[in-house]
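S.K.: build the 3D model from these lines:
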Amino acid sequence: MKFQVSSDEAIERTTIGFLNETRTCEFKRDLPALNVGGQILGPFKTGDSVTLPNWAIEKLSERDYVQVHIQNAYDSTRNVDILHNREQKQKHSALEDFPPFFYVAVNRKIARLQRDKTSLDPVSVDDIERLDSRLKSLIEMRQPKIMRAAVSRSCFKWQSHMTNEEKWLCNRLSEILLQWHTKITE
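M.R.: Below is the predicted model:
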């Protein structure tokens with residue numbers, strides 16, 4: 001018997017993976033030592049570069065202590081715009097290479113920006129709208145490509161270009177299509 005993972009479960013697993021993934025960040029201001037689960041981290045000085053799990057980076061970012069290094073900030077508005085433009089140029093051809101945790105990172109960034117409704121400046125409002133718009137557009141551009149990969153049974157070939165959610169979708173669609181094809185041709 002094969003157990004199927006629902007889309008909710010797949011997305012939840014990706015979120016957990018993202019939160020435990022590490023990225024390099026830079027401290028924007030001094031921070032004394034932290035006790036995290038019995039482990040002492042720090043103290044940190046302004047300008048220190050440290051690799052931390054995303055859950056810690058999110059908490060420190062909320063308090064304006066850190067910012068993710070630009071090469072690791074695939075959820076920044078600038079990087080989302082770059083990925084969007086590259087994907088747009090591909091149109092109906094191959095999938096552009098995306099970080100595995102791209103969607104969850106962008107969604108969490110949008111949620112983080114929206115939580116701070118009391119001090120939203122026009123730049124933050126613009127960032128939220130731009131990220132949300134780009135994310136929806138990217139999904140619309142990439143879905144048909146993922147579906148073509150599933151139909152042609154080439155999910156494995158394109159996995160290195162897909163996010164974790166896209167890999168799950170492609171593999172699940174491919175399984176469903178194969179089962180359907182098998183049944184219909186019996």
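S.K.: how far away is Ile176 from Cys155?
M.R.: Here the distance between Ile176 and Cys155 works out to 12 Å (CB to CB, to the nearest Å). Just so you know, the C-beta spots here come from the backbone N, C-alpha and C atoms, and that holds for glycine as well.
S.K.: those two - which one has more neighbours?
M.R.: Counted by other CB atoms under 10 Å, Ile176 and Cys155 do not tie: Cys155 has more neighbours, with 21 against 12.
S.K.: what residues are up against the nearest residue to that one once chain neighbours are set aside?
M.R.: Counting by CB to CB, 6 or more residues apart in numbering, Cys155 lies nearest to Cys170, which is 3.9 Å off, once chain neighbours are set aside. Counting by CB atoms under 8 Å, 6 or more residues apart in numbering, Cys170 makes contact with Ile146, Ala149, Ala150, Cys155, Trp158, Gln159, Met162.
S.K.: switch to 10 Å and redo it
M.R.: Listed by CB atoms under 10 Å, 6 or more residues apart in numbering, the contact set of Cys170 reads 95, 145-151, 153-156, 158-159, 162.
S.K.: how about His161?
M.R.: Residues in contact with His161, defined by CB under 10 Å, 6+ apart, are Ala94, Leu95, Glu96, Asp97, Phe98, Arg142, Lys145, Ala149, Lys167.
S.K.: can you check Asp132 too?
M.R.: Listed by CB under 10 Å, 6+ apart, the contact set of Asp132 reads Val106, Asn107, Ile110, Leu113, Gln114.
S.K.: next step: these restricted to helices.
M.R.: Val106, Asn107, Ile110, Leu113, Gln114 (DSSP state H).
S.K.: quick one: the third one from Pro53, how far?
M.R.: Okay, so that is Ile110. Distance from Ile110 to Pro53, by CB to CB: 20 Å.
S.K.: in its sheet, which strands sit next to the helix or strand of the chain with the lowest mean pLDDT, and in what direction?
M.R.: Ranked by mean pLDDT, DSSP states H and E, the helix or strand of the chain with the weakest confidence is strand 34-36, at a mean of 80. In the sheet, strand 34-36 lines up against strand 39-41 (antiparallel) (DSSP bridges).
S.K.: list of residues touching the partner strand?
M.R.: So strand 39-41 is contacted by Leu31, Ala33, Leu34, Asn35, Val50, Leu52, Ala56 (CB under 10 Å, 6+ apart).
S.K.: would you mind listing which of these are buried?
M.R.: Leu31, Val50, Leu52, Ala56 (16 or more other CB atoms under 10 Å).
S.K.: of these, which is the nearest to His84?
M.R.: Leu52 (27.6 Å; CB to CB).
S.K.: the strands in the chain, which residues?
M.R.: Per DSSP state E, the chain carries strands over the ranges 22-27, 34-36, 39-41, 49-53, 66-68.
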